[in-house]
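Student: starting from these lines, generate the structure:
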Amino acid sequence: MRIDIVSIFPAYFDTLEISLLGKAKDRGLLDLRVHDLRDAAHDKHRTVDDTPTGGGAGMVMKPEPWGTMLDEILEAPDSSDDPLIIFPSPAGEVFNQKMARELSGEQQLIFGCGRYEGPDQRIFDEYVERGRLKLVSLGDYVLNGGEVASLAMIEAIARLLPGMVGNPESLVEESHEDGLLEYPSYTKPAVWRGREVPPVLLSGNHAAIAKWRKEQSIERTRRVRPDLLAE
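Tutor: Here you go, the predicted model:
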């Protein structure tokens, strides 16, 4: 998978060089490219924002640098035929595990990291007409910019790629994969500070263990996220 990221703070994405994502990049599973939006602003101050038309607080990101940068990525000879542009936005569709799995099947994703009051609306209108563009929200809160949200989505998506995680079975039993929260996990020792591992996990009875884990998932979901059970 190829992932392009556009930001005025490219250093945010240095963390993509470490841990599983960095190893996946080294092994050729991920082609990660970070672009500085200011490289597409050609005035001496490399300006990417201006005051909102009609007045109001904050600044709006200018359409010219975004258009230039996105065109360069889309029209590059090694770009895919049908990439998906994603802009993190509190006005977007809420990101979840189902969406992460769907996006993990894409050939190329382009993440646009907005700042201030976000990009000029005409950027969204332009690239919706020309191809595919999706606004995606991490939840009902506001961040300073799209970098943190993009990092979270990239990790959630990339870890689902074939060969990314050492034991693929571990992905199946995680929270949200089956619409439930994950069951509690334990390891050695069997007793720690007087707290015991549930006896069923030491029984060797795999059917009983699977039943216990399912029950724990349902109970945890009922207690913490009853909205998921309703769905």
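
Student: three-state assignment of the most centrally placed residue in the chain?
Tutor: The chain has residue 153 as the residue nearest its centroid, 0.4 Å off, counting by C-alpha atoms, centre = their mean. For residue 153, the assignment made with DSSP: H, G, I helix; E, B strand; the rest coil gives helix.

Student: again with residue 156
Tutor: Under three-state DSSP, residue 156 comes out as helix.

Student: hmm, residue 97 and it touching each other?
Tutor: Yes. Contact criterion C-beta atoms under 8 Å: residue 156 and residue 97 qualify, at 7.4 Å. In this view, the C-beta of every residue, glycine as well, is placed from N, C-alpha and C.

Student: looking at those two, which has the bigger crowd around it?
Tutor: More neighbours surround residue 156 than the other of residue 156 and residue 97, with 19 against 16 (other C-beta atoms under 10 Å).

Student: what does the pLDDT read for the closest residue in space to that one that isn't next to it in sequence?
Tutor: Leaving aside its sequence neighbours, residue 156 sits nearest to residue 100 (C-beta to C-beta, 6 or more residues apart in numbering; 4.3 Å). Model confidence at residue 100, expressed as pLDDT, equals 97.

Student: try the one 5 residues further on
Tutor: On the pLDDT scale, residue 105 is placed at 96.

Student: check residue 77 too.
Tutor: Predicted confidence (pLDDT) for residue 77: 96.

Student: grab the nearest non-local neighbour of residue 101.
Tutor: Using C-beta to C-beta, 6+ apart, the closest residue to residue 101 is residue 160 (5.8 Å).

Student: burial count for the one you found?
Tutor: 19.

Student: is it true that it touches residue 104?
Tutor: Yes. Residue 160 lies in contact with residue 104 (C-beta under 8 Å); the separation is 4.0 Å.
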